[in-house]
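> Structure of the sequence below:
(one chain, ligands or ions: 1)
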Amino acid sequence: MAELIALAASTRERARDTGLFFDFDGTLAPIQEDPAAVEPVPGVLPALTALAGLVRTTAVVSARPVDFLASRFAAVPGLALYGLYGLERSLDGEVRTLPAVVPWRSTTARLVERARAELDPDLLVEDKGLSMALHYRTAPHLQHVAESWVRDAAARTGARLEIGPMTAELIPPMTPDKGSVLADAVQGLRCAWYFGDGRPDLAAFTALERRAGRDPDFLGVRVAVANPETGDTLRADADLVVDGPAAMPGTLRALVEGLTVHQRRGDT
Ligand SMILES: O=P(O)(O)OC[C@H]1O[C@H](O[C@H]2O[C@H](CO)[C@@H](O)[C@H](O)[C@H]2O)[C@H](O)[C@@H](O)[C@@H]1O
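Residues are numbered from 1 along each chain as shown. The predicted structure follows:
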């Protein structure tokens, strides 16, 4: 907590030039068997709303589609959404899709249809519009089947393979990574925090390091959310460690407090 308070103190003097960026699954929401049932941890939405009033940018950067994120975060005004690793963006309420990727919608639709027809029904097929994922969390014995099916489909279609926790995903080849999303999003900011839990979030950490390396005035804060599954993936590279999604509301409230103390004092 002492580290968070110190970093909040350094952030508050540049709060109006600060961006707060969050991964979704395993960071703002707990890992569950059914991806469609996942909701943000109770307490996260009011804390994000409070933060959105204190800093320039608050954003979710996720492998989920923007419409899914929008359904979960409608209560947070001004929250920017980067979906499908940045293929889809909703920065001002309007959803924009990288134009080059649009033809992949039909490729993905065919892959989803084939997966549902060919594979064991215990493998959950997640249709994300421009990408799709096979989930074997409730059927771990099918990991090999899922991974070899997506490998084969990737070779046939040119889609890119992304292996996640209990998940094998096919994404369009031009999909950015979270690092390039962050590098772009932090332009014009003097401070950014990134909260993540998994391997794709490392690229976002690296983007903050690179920016800080080029700009000594820039403060980048890398926060690892050590959920029970991905555990130590980001810990070694982090400035702060949060003990899983359940600890996020308390962490965000402490950050609100750290940013608000200054404003109250500054106002008097
Ligand atoms: O970038 P993220 O927001 O972290 O999304 C990564 C993947 O998250 C989801 O899958 C993971 O969470 C599920 C729900 O808790 C869990 O059942 C699954 O095993 C995890 O891999 C989402 O369903 C995927 O589409 C995302 O790629």
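> Skip the chain neighbours and tell me the closest residue to D17.
Computed as CB to CB, 6 or more residues apart in numbering, the closest residue to D17 that is not its neighbour in sequence is R190, at 4.0 Å. Any C-beta I mention is one placed from the backbone N, CA and C, and that applies to glycine too.
> Which parts of the stretch 101-250 of the chain are helices?
Assigned by DSSP state H, counting those that start in this stretch, the helices in the stretch 101-250 of the chain fall at 104-118, 143-157, 178-185, 199-214, 248-267.
> Flag every residue of the protein that's near the ligand.
Taking CB under 6 Å from any ligand atom as the contact definition, the chain meets the ligand at 23-26, 31-33, 35, 38, 62-64, 126, 128, 133, 135, 137, 164-167, 169, 198.
> Using ChimeraX, define a selection of the buried residues within the residues you listed.
A single ChimeraX command selects the buried members of those (16 or more other CB atoms under 10 Å):
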select :23,24,25,26,31,35,38,62,63,64,126,128,133,135,137,164,165,166,167,169,198
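> For D267, give me the pLDDT.
Among the per-residue scores, D267 holds a pLDDT of 47.
> quick one, domains of the protein?
For the chain, the structural domains run 2-98+176-267, 102-171, going by automatic domain parsing.
> looking at those domains, which is buried most?
A comparison of the domains of the chain by mean neighbour count, using mean count of other CB atoms under 10 Å, puts domain 2-98+176-267 on top with a mean of 19.
> That domain: how far from the chain's middle?
8 Å (CA atoms, centre = their mean, to the nearest Å).
> so what's D17 up against?
D17 makes contact with 56, 188-191, according to CB atoms under 8 Å, 6 or more residues apart in numbering.
> same deal with L202?
Residues counted as contacts of L202 (CB under 8 Å, 6+ apart) are 196, 233-234, 237.
> And P42, which helix or strand is it part of?
Per DSSP states H and E, P42 falls between elements, in no helix or strand.
> Please report phi then psi for it.
phi -50, psi 130 (degrees, to the nearest 10).
> Verify the contact between it and G250 for me.
No: the pair P42 and G250 fails to qualify as a contact (CB atoms under 8 Å) at a distance of 11.6 Å.
> And the strands in the stretch 1-150 of the chain?
Taking DSSP state E, counting those that start in this stretch to define them, one finds strands in the stretch 1-150 of the chain at 18-22, 57-61, 80-83, 88-90, 95-97, 124-127, 132-135.
> how about JSON lines for the ones you listed, with mean pLDDT added?
Shown next, in JSON lines, are these (pLDDT from 0 to 100):
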{"stretch": "strand 18-22", "mean pLDDT": "98"}
{"stretch": "strand 57-61", "mean pLDDT": "98"}
{"stretch": "strand 80-83", "mean pLDDT": "98"}
{"stretch": "strand 88-90", "mean pLDDT": "97"}
{"stretch": "strand 95-97", "mean pLDDT": "96"}
{"stretch": "strand 124-127", "mean pLDDT": "98"}
{"stretch": "strand 132-135", "mean pLDDT": "98"}
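> out of those strands, nearest to F205?
Among the strands of the stretch 1-150 of the chain, the nearest to F205 by CB to CB is strand 18-22 (10.7 Å).
> Okay, and which of the contacts of L202 map to strands?
Applying DSSP state E to these, the entries found in strands are G196.
> From the contacts of L202, which one has the minimum pLDDT?
Out of the contacts of L202, that is T233, at 80.
> OK, contacts around that one?
Contacts of T233 by CB under 8 Å, 6+ apart are 197-199, 201-202, 224.
> And the furthest pair within those?
R199 and A224 (11.7 Å).
> still on that earlier bit, can you add distance to P99 and pLDDT and give the contacts of T233 back as TSV?
Listed next are the contacts of T233 as TSV, based on distance: CB to CB, whole Å; pLDDT from 0 to 100:
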residue	distance to P99	pLDDT
D197	31	95
G198	28	93
R199	28	92
D201	26	96
L202	28	96
A224	34	97
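> Output the residues you listed in CSV; the columns should cover distance to A117.
Formatted as CSV, those follow (distance: CB to CB, whole Å):
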residue, distance to A117
D197, 33
G198, 30
R199, 31
D201, 34
L202, 36
A224, 40
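> Closest one to the ligand out of the residues you listed, please.
G198 (5.7 Å; CB to the nearest ligand atom).
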